[in-house]
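> Take a look and give me a structure for this.
(one chain, ligands or ions: 1)
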Amino acid sequence: MSPGARATKSAATRRADARRGPGSKSGTGMSPAPPPSLPPEWREFVGRWLEAEGCTVKPAARGDWEVDLAAGLRRRWRRQRVRLVFDPLRATLPRGAWFTAPGSSAGRRILEASMEEPVLTRRTALAHVPGVSEEGLATVCKVRGLSWGPARLGPVRYERRVSFHAVATRWGGLPWQEPWVVLIGPTGELLEWHSAPEVPDVRSRDGLYQMEEELEPEQRARWMEVTRAHFERLLDEREQEWERQMGRLRDGELERLGAFFTARLEEEQERLRRRTSNGDEVELEQGDSTSIKLEWDRRAAEVRGRWAIRTEMRVWGLSEWAWPVADMEQELRSGAVHVRLKSLVDVARGRPDLPKCPSCGTPAEMLVRAHGTVACVRCAP
Ligand SMILES: [Zn+2]
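Below you'll find the model as predicted:
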């Protein structure tokens with residue numbers, strides 16, 4: 001659209017255009033709704049993705065968007081900004097604009113770019129009520145010769161966690177896929193991982209309601225690196241297991257193949273012995289044995305190739321979480337011995353972490369009385 005044409009628009013239309021910003025559903029303003037062929041989620045997806053990538057999206061005339069591209073996309077698409085046109089009935093596009101329906105070339109360009117980097121979502125884990133059960137640490141740590149005092153839960157605060165969602169695919173052998181999710185804590189430490197598409201046992205709502213400052217892109221990149229290392233280690237372990245499983249099946253097939261060709265070679269040699277005693281052409285017959293061996297090699301290589309494992313891991317999603325946690329204190333008592341233990345409670349699950357052994361500091365599933373104090377079973381004599 002030319003600047004002149006824009007100037008002729010009425011103030012009402014401009015306001016309507018302004019309301020149709022990124023993230024808003026299309027067709028809610030006063031300007032005509034786009035035809036039903038354009039899925040309403042598409043515009044929202046494009047807007048959210050562009051903003052997550054760091055682009056500035058401004059509504060322009062006729063429901064278009066004027067997008068100031070982020071550095072990465074400037075390099076990728078070799079332009080500073082782009083005008084996105086969503087209206088499929090527009091007869092002519094403004095110079096350099098992209099028609100942005102899902103199947104259009106600009107739509108494909110956006111989808112391709114968004115598939116390369118994982119989809120980013122922001123979620124708040126809902127607090128479990130009560131934050132922790134009355135028994136507190138007694139639910140996770142057994143004691144002998146001691147008794148737990150009452151659990152005292154501190155105020156709930158929200159810490160930033162990030163979950164990374166990936167799919168591991170095994171090609172070769174018997175193709176197979178597994179969903180994985182890894183949850184990372186505020187300093188990049190691995191908190192938990194599951195072979196599941198989502199973090200289990202947590203209820204959530206969209207958006208980061210309890211977080212004030214934005215996550216720096218550098219920090220996100222660092223977490224991504226840490227997580228890749230976790231996933232690679234998991235994939236290594238999984239590959240070894242798969243290798244053992246597939247190895248058994250492959251070896252079984254190789255054995256059957258071996259039995260078949262060994263039998264053929266024996267027959268051939270038996271025939272050869274009979275013919276040699278008759279003084280026939282020995283060299284040609286030995287040639288037959290050679291071709292059987294070659295055929296055996298070829299078939300065996302083919303079997304090995306078919307069972308060879310190739311794996312691929314793709315991170316498809318990343319969720320930033322505001323996660324409710326609280327400190328908890330609880331005393332362990334036995335006569336005059338009173339030891340105060342601390343734990344961090346996962347308030348989303350109402351679950352305390354294992355308490356640390358007061359003697360060695362490792363998380364303890366069982367604590368006992370030892371030398372007038374408390375220790376884990378490894379420290380206790
Ligand atoms: Zn200990």
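
> Could you use CA atoms for every contact and neighbour count after this?
Noted.

> which helices and strands sit right next to the longest helix along the chain?
Of all segments of type helix in the chain, defined using DSSP state H, the longest is helix 217-277. Helix 217-277 is packed against strand 176-184, helix 282-307, strand 310-334, with contacts defined by 3 or more Cα pairs under 8 Å, 6 or more residues apart in numbering; DSSP states H and E.

> Following the chain past the last one, name the next helix or strand.
Scanning forward in sequence from strand 310-334 by DSSP states H and E, the next helix or strand is strand 337-346.

> Pipe the helices and strands packed on helix 217-277 into TSV and attach mean neighbour count per row.
Putting those into TSV (neighbours: other Cα atoms under 10 Å) gives the following:
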stretch	mean neighbour count
strand 176-184	19
helix 282-307	14
strand 310-334	20
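
> Compare the mean pLDDT across the ones you listed and name the weakest.
Lowest mean pLDDT within these: helix 282-307, a mean of 84.

> and the direction of it versus that of helix 217-277, what angle?
160 degrees (axes from the mean of the first three to the mean of the last three Cα atoms, to 10 degrees).

> Quick one: the helices in the stretch 1-150 of the chain, in order.
3-7, 11-19, 40-52, 71-77, 105-116 (DSSP state H, counting those that start in this stretch).

> By mean pLDDT, show me the worst of the ones you listed.
Lowest mean pLDDT of the helices of the stretch 1-150 of the chain: helix 3-7, a mean of 34.

> Could you give the bridge partners of Leu318?
Per DSSP bridges, the residues bridged to Leu318 are Leu120, Phe164.

> actually Glu329, not the one I typed
Beta-bridge partners recorded for Glu329 (DSSP bridges): Arg152, Lys342.

> could the helices and strands packed on helix 217-277 go into CSV alongside distance to Leu73?
Listed next are the helices and strands packed on helix 217-277 as CSV, based on distance: least, Cα to Cα, whole Å:
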stretch, distance to Leu73
strand 176-184, 28
helix 282-307, 40
strand 310-334, 19
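
> The ion: which of those is closest?
strand 310-334 (15.0 Å; Cα to the ion).

> now that closest one against helix 217-277, angle please.
Using the same axes, to 10 degrees: strand 310-334 against helix 217-277 is 120 degrees.

> how far does strand 310-334 sit from the chain's center?
Computed by Cα atoms, centre = their mean, to the nearest Å, the chain-centroid distance of strand 310-334 equals 14 Å.

> Now do the contacts for the closest residue to the ion within the stretch 201-350 of the chain.
For the stretch 201-350 of the chain, the residue closest to the ion is Leu341, as judged by Cα to the ion, at 13.1 Å. By Cα atoms under 8 Å, 6 or more residues apart in numbering, Leu341 lies in contact with Glu329, Gln330, Glu331, Leu332, Pro355, Lys356, Pro358.

> Which residue, other than its chain neighbours, is closest to the fourth one?
In this structure, Leu332 finds its nearest non-sequential neighbour in Trp148, 4.7 Å apart by Cα to Cα, 6 or more residues apart in numbering.

> what does the stretch 251-381 of the chain put close to the ion?
Cys357, Ser359, Cys360, Cys376, Cys379 (Cα under 5 Å from the ion).

> let's go with 8 Å and repeat that
Selection of the stretch 251-381 of the chain residues close to the ion by Cα under 8 Å from the ion yields 356-362, 364, 375-380.

> isn't Thr373 right up against Gly335?
No: using Cα atoms under 8 Å, Thr373 makes no contact with Gly335, being 10.9 Å away.

> So for these two, which sits in the more crowded spot?
Per other Cα atoms under 10 Å, whichever of Thr373 and Gly335 has more neighbours is Thr373, with 17 against 9.

> And the residue nearest the centre of this protein?
His165 (1.5 Å; Cα atoms, centre = their mean).

> My understanding was that that one contacts Glu320; is that so?
No: using Cα under 8 Å, His165 is not in contact with Glu320, being 11.5 Å away.

> just to revisit the earlier point, the inter-axis angle of the longest helix of the chain versus strand 176-184?
Using the same axes, to 10 degrees: helix 217-277 against strand 176-184 is 150 degrees.

> what's the spacing between the nearest residue to Phe99 once chain neighbours are set aside and Val57?
In space, and not counting its chain neighbours, Phe99 is closest to Val85: 4.8 Å by Cα to Cα, 6+ apart. Separation of Val85 from Val57 (Cα to Cα, to the nearest Å) stands at 13 Å.

> Kindly report the same for Asp353.
Distance, Asp353 to Val57, by Cα to Cα: 43 Å.
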